[in-house]
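# pasting the sequence and the predicted coordinates here, then a few questions.
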Amino acid sequence: MMNDYTGVLIFLIIAIGFVAIMFSVSYVLRPSKPDLKKLLPYECGNIVNEDARGLVSVKYYLIAIIFVLFDVETAFMFPWAVVFRDFGMFGLIEMAIFLLIILIGFCYAWKKGALEWD
Amino acid sequence: MALLLLILESLLIFVFILLFCVAYIILAERKILGHMQGRFGPMHTGWHGMLQPIADILKCLIKENIMPTAADKIVFILAPVMSILPAIMCLAVIPFSKNIYAADLNIGVLYLLALGSLGVYGVATCGWAGNSKYGLLGSIRSTAQLISYEVPMGLAVLGPVMMARSLNLIKIVEAQKSFWYILIQPVGFFIFVVCSAAETNRIPFDLPEAETELVAGFHVEYSGFKFVAFFLAEYMHMFVTSAMAAILFLGGWKGPFFPGPIWFMIKVYSFLVLYIWARGTFPRYRYDQLMQLGWKFLLPLSLANLVLTSIGIVIFG
């Protein structure tokens, strides 16, 4: 019935319970007097003239794509890091080739200016 | 019976961290920052402001809940929950000593990194849900920052993992019996500390909150307990990254004279004080500098560190 992940499950339940209790306590205690101006999006007192959800700079998309590349790479490297000693030189060279391919892509992105912010 | 004990232990760990690593660290932060600037910090609630955290929680609980008319209601409520759930779940695998932990996972390091990055969803959705320009700007910035610094952080963590040949946190500490990994991984340690400051949105990398330009950043529309949820999540993340640094680089609970948990807490607290100290010392980075530091300096540095470490391990065994 119990295994390694029982503790994780208990902490999930504790977290949900904590949030539920605090939200309901605050629901009981807090006042609720909404009015039209109070519920406007906060803009330091300016009159809100348009929806905030507009276009996002393309820089952020580039960062997200490069991130996916490198995060998948690190995901591959975790199992490798645990066992690479058993493979000796072979494991090292194999990972070096993998890294080299990734690095070429990284240098290309750098050269193309994907990492510049101006 | 064993299950009951485990539940009790988990509850104790949670309450302990909530009180002494979150609530009183917030007070300590205000006190230390105050003294650094020649003020006293909170003084009126209790002796030298000792009851301030309780007063803060009570105050936030009785604040009105503001739900902006333009907000996406369901996402607006879910975002703080999505932010705090992974932060609390991270605590499950932290080993305070050889026997004090809630879960002993084979993939402890991966678990911490994975749940740490799940926090991005809370940040990304909360700015979008609130439909405020400040909030949206803050959350987009924050998302880009969090994912940028996650990569060098993951690579820096690989150093100790390679040397201990395990992803299990307890085994990593046990492997540091003769020496701490900071001695042979100083670069990895440096990268980890910088990245953990960025991952927890602390000064000098607190761009998502940048009070002077974005008011309060991504959680500008939030009030009452929803705001507290973001706040608690940030401090729990601080605790978790400090604990990770202590476990991976500083030998966890190992140390002379005192019992294990005390050594562990000493190491964790010195990290937390380091964060606070940095907040009192450094100015904020500019956003382009922040991204350049992450991608053009820390990432190549961590890759080089990784390659050198692996070559060293293969050569010297």
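Great, that's in hand.

# switch to C-alpha atoms for all contacts and neighbour counts from now on
OK.

# low pLDDT regions in chain A?
Residue ranges of chain A with pLDDT under 70: A:1.

# so it: which segments form each domain?
A:1-31, A:56-118 (automatic domain parsing).

# is the first one anywhere near chain B?
Yes. Contact check for domain A:1-31 against chain B, using CA under 8 Å from any CA of the partner chain: residues in range are A:2, A:4-8, A:10-12, A:14-16, A:19, A:22-23, A:25-26, A:29-31.

# let me have the domains of chain A in TSV, extended by mean neighbour count.
Converted to TSV, the domains of chain A look like this (neighbours: other CA atoms under 10 Å in any protein chain shown):
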stretch	mean neighbour count
domain A:1-31	16
domain A:56-118	15
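
# list of residues touching the helix or strand hosting residue A:13?
Assessed by DSSP states H and E, residue A:13 sits inside helix A:6-29. Residues outside helix A:6-29 that contact it (CA atoms under 8 Å, 6 or more residues apart in numbering or on different chains) are B:6-7, B:10-11, B:61-63, B:81, B:84-85, B:88-89, B:91-93, B:102-103, B:224-225.

# TSV for the domains of chain A, including distance to residue B:298?
Below are these laid out as TSV (distance: least, CA to CA, whole Å):
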stretch	distance to residue B:298
domain A:1-31	32
domain A:56-118	13
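
# circling back: filter the contacts of helix A:6-29 by proximity to chain A?
Among the contacts of helix A:6-29, chain A is touched by B:6-7, B:10-11, B:61-63, B:81, B:84-85, B:88-89, B:91-93, B:102-103, B:224-225 when using CA under 8 Å from any CA.

# in strands, which of these fall?
Residues of the ones next to chain A among the contacts of helix A:6-29 located in strands (DSSP state E): none.

# residue 75 sits in which helix or strand?
I went with chain A, as the question did not name one. According to DSSP H and E, residue A:75 maps onto helix A:58-87.

# um, chain B though
helix B:73-90.

# what does residue B:55 give?
Going by DSSP H and E, residue B:55 is in helix B:52-61.

# and residue B:246, by the same measure?
Counting by DSSP H and E, residue B:246 is part of helix B:224-249.

# what does residue B:167 give?
Applying DSSP H and E, one finds residue B:167 in no helix or strand.

# how distant is stretch B:4-21 from the center of its chain?
18 Å (CA atoms, centre = their mean, to the nearest Å).

# go through that stretch and flag the buried ones.
B:6-7, B:9-11, B:13-14, B:17-18, B:21 (16 or more other CA atoms under 10 Å in any protein chain shown).

# quick check, nearest of these to residue B:191?
residue B:21 (23.4 Å; CA to CA).

# I'd say the closest one and residue B:237 touch.
No. Applying CA atoms under 8 Å as the test, residue B:21 and residue B:237 come out as separate, 10.4 Å apart.

# low-confidence bits of chain B, can you list those?
Judged by pLDDT under 70, the stretches of chain B that qualify are B:208-213, B:215-216, B:317.

# can you pull out the helices in it?
B:2-16, B:24-36, B:52-61, B:73-90, B:108-130, B:133-164, B:169-174, B:186-199, B:211-214, B:224-249, B:260-281, B:287-292, B:299-316 (DSSP state H).

# now distance to residue B:46 too, for those helices, in CSV please.
Listed next are the helices of chain B as CSV, based on distance: least, CA to CA, whole Å:
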stretch, distance to residue B:46
helix B:2-16, 21
helix B:24-36, 12
helix B:52-61, 7
helix B:73-90, 29
helix B:108-130, 34
helix B:133-164, 35
helix B:169-174, 39
helix B:186-199, 31
helix B:211-214, 29
helix B:224-249, 22
helix B:260-281, 23
helix B:287-292, 40
helix B:299-316, 47
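
# go through those and pick out the most buried.
Comparing the helices of chain B by mean neighbour count (mean count of other CA atoms under 10 Å in any protein chain shown), helix B:133-164 comes out on top with a mean of 25.

# in stretch B:40-49, what's buried?
Quick answer for stretch B:40-49 (16+ other CA under 10 Å): B:41-42, B:49.

# for the residues you listed, which one is nearest chain A?
residue B:49 (23.6 Å; CA to the nearest CA).

# can you tell me the closest non-neighbouring residue to the closest one?
residue B:43 (4.3 Å; CA to CA, 6 or more residues apart in numbering or on different chains).

# do the same with residue B:71
residue B:130 (4.7 Å).

# then residue B:31?
Closest to residue B:31 by CA to CA, 6+ apart is residue B:41, at 4.8 Å.

# which residues touch the one you found?
B:30-35.

# swap the cut-off to 7 Å and go again
B:30-31, B:34 (CA atoms under 7 Å, 6 or more residues apart in numbering or on different chains).

# still on that earlier bit, wait, which of the domains of chain A is closest to residue B:249?
That would be domain A:56-118 among the domains of chain A, by CA to CA, at 16.4 Å.

# the closest one and chain B in contact?
Yes. Using CA under 7 Å from any CA of the partner chain, domain A:56-118 comes into contact with chain B via A:60, A:63, A:67, A:70-71, A:74, A:78, A:81-83, A:85, A:88, A:115, A:117.

# so how far is that domain off the chain centroid?
Using CA atoms, centre = their mean, the offset of domain A:56-118 from its chain centre is 17 Å.

# end-to-end on that domain?
Using CA to CA, to the nearest Å, the end-to-end distance of domain A:56-118 comes to 15 Å.

# then stretch B:42-62?
21 Å.

# quick one: it to chain centroid distance?
23 Å.

# cool, and stretch B:83-90?
11 Å.

# what sits up against that stretch?
Counting by CA under 7 Å, 6+ apart, A:8, A:11-12, A:15, B:112, B:115-116, B:118-119, B:122-123, B:229-230, B:233, B:236-237, B:240 sit against stretch B:83-90.

# at 6 Å instead, please
A:11-12, A:15, B:112, B:115, B:119, B:122, B:233, B:236-237 (CA atoms under 6 Å, 6 or more residues apart in numbering or on different chains).

# now, which of those residues sits nearest residue B:250?
Nearest to residue B:250 among the contacts of stretch B:83-90, with distances taken as CA to CA, is residue B:112, at 17.2 Å.

# once you drop chain neighbours, what's closest to the closest one?
residue B:90 (5.8 Å).

# check residue B:52 too.
Going by CA to CA, 6+ apart, residue B:52 has residue B:45 as its nearest residue, at 5.5 Å.

# phi and psi next, for the residue nearest to residue B:49.
Torsion angles at residue B:43 (phi, psi; degrees, to the nearest 10) stand at phi -130, psi -20.

# wouldn't it be in contact with residue B:51 here?
No. Using CA atoms under 6 Å, residue B:43 makes no contact with residue B:51, being 9.5 Å away.
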